[in-house]
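K.L.:
here is a sequence with its predicted model. Questions after.
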Amino acid sequence: MGYLQAIFLGIVQGLTEFLPVSSSGHLVILQGLWELEPESEAMILFDLAVHVGTMGAILVFYRRSLRKYVPHLLGSLGGIRQPGELYRRSASVRFTILGGAATLATGAVYVLFGDAIKRGFEDSVIVAICWMITAALLLITDFRRHTRRSLREFGLTAALLVGAAQGAALLPGISRSGATICVAVFWGLHRRWAGEFSFFIGGAAITGATLIEGIKFFSRPHEALAWGPMVIGMLVSGAVGWAALGVLIRALRRAKLKYFAVYLLVIAAATLVITGLLQNGG
């Protein structure tokens, strides 16, 4: 992989990881166009690198919230003894428990349907259909009104459903941020909290998946790889991801996700047309 490819893929990853248009769907199409091998060592390492970059973007974007959240969580754990009282009185503890439940639901979906999800990465038609599903979810989110619930009113069932939506977003073309935010908003959660909760559990999922894949990769012998493009891709994806996060949060609060839905419908239609032409031509 060259530097220009690394920069371009880093930009795509940074934009599509957070904007509700599905990073995996775009990367599947680009890998097909450039004839890149997703299972090659270079691509596996590059994928790890850009996910480290996007995880860094979440940490930087929410740094102020994290400065308040972490000390408050530790203080709550030290000051209240009864678990039930902890959950009721401490917003940070409740946020953590609900986030943990959602993350477990994501893992359960992957364990149960992981093989079927992996097969989706081989079919551009599946990607296009999933893009259309994501577009529908974004439109639902925009037209949902009266989203005023706080996390205090957002229960375990809702958190599990958001986590399951994140698991479904492992399919290429289903946007993780789009699916999780849609479920949270549809359940009535305030748009600000829907965004924060989505990226809280998204950060946990990205970190966990990156650690698992990283351990697998570095625990076996591998050929010498060019690290320069990997580092460039990581830095670019992080910087672009930070900017994309700001765009998404503003669009979410102003109910402007419909514009992303239009984009998804256009590229889904184009993908289906091009795929049909290639198949008929072959």
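P.N.:
Cool, the structure landed.
K.L.:
against Arg176, how distant is the nearest residue to Thr180 once chain neighbours are set aside?
P.N.:
Excluding the flanking residues, the one nearest Thr180 by CB to CB, 6 or more residues apart in numbering is Ser198, at 4.2 Å. Every residue, glycine included, has its C-beta placed from N, CA and C. From Ser198 over to Arg176 the distance is 8 Å, taken as CB to CB, to the nearest Å.
K.L.:
check Ala243 too.
P.N.:
18 Å.
K.L.:
those two - which one has more neighbours?
P.N.:
Arg176 (28 against 13; other CB atoms under 10 Å).
K.L.:
who's in contact with the residue nearest to that one when sequence neighbours are not counted?
P.N.:
Of all residues not flanking Arg176 in the chain, Ala169 sits nearest, at 3.9 Å (CB to CB, 6+ apart). Going by CB atoms under 8 Å, 6 or more residues apart in numbering, Ala169 touches 22, 175-176, 178-180.
K.L.:
now do Ser177
P.N.:
Contacts of Ser177 by CB under 8 Å, 6+ apart are 18-20, 198-199, 202, 248.
K.L.:
quick one: secondary structure of it?
P.N.:
helix (DSSP: H, G, I helix; E, B strand; the rest coil).
K.L.:
what do you get for Pro172?
P.N.:
Classified using three-state DSSP, Pro172 is coil.
K.L.:
surely it touches Ile129?
P.N.:
No. Counting by CB atoms under 8 Å, Pro172 sits too far from Ile129 to count as a contact (10.3 Å).
K.L.:
neighbour count winner among the two?
P.N.:
Using other CB under 10 Å as the criterion, Pro172 and Ile129 rank with Pro172 on top: 25 against 18.
K.L.:
next, find the distance separating that one from Ser24.
P.N.:
4 Å.
K.L.:
ranges for the helices of the protein?
P.N.:
In the chain, the helices defined using DSSP state H lie at 3-18, 23-34, 41-61, 63-79, 83-89, 91-120, 124-143, 156-168, 176-186, 191-218, 227-253, 258-281.
K.L.:
of all these, which one is nearest Arg149?
P.N.:
Proximity to Arg149 (CB to CB) singles out helix 191-218 among these, at 7.8 Å.
K.L.:
correct me, but Gly178 touches Leu137?
P.N.:
Yes. With contacts counted by CB under 8 Å, Gly178 reaches Leu137, the gap being 5.4 Å.
K.L.:
rewinding a little: of all the contacts of Ala169, which comes closest to Gly114?
P.N.:
Nearest to Gly114 among those: Arg176, at 15.6 Å, using CB to CB.
K.L.:
ok, the residue most central in space within the chain - contacts?
P.N.:
Per CA atoms, centre = their mean, the C-alpha nearest to the average position across the chain is that of Arg176, at 4.0 Å. By CB under 8 Å, 6+ apart, Arg176 lies in contact with 17, 22-23, 166, 169, 198, 202, 205.
K.L.:
and the pLDDT for Arg64?
P.N.:
Here, the pLDDT recorded for Arg64 equals 86.
K.L.:
centre of the chain versus stretch 174-182, how much separation?
P.N.:
Between the centre of stretch 174-182 and the centre of its chain there are 7 Å (CA atoms, centre = their mean, to the nearest Å).
K.L.:
correction: the previous question concerned stretch 3-18.
P.N.:
Computed by CA atoms, centre = their mean, the separation of stretch 3-18 from the middle of its chain amounts to 15 Å.
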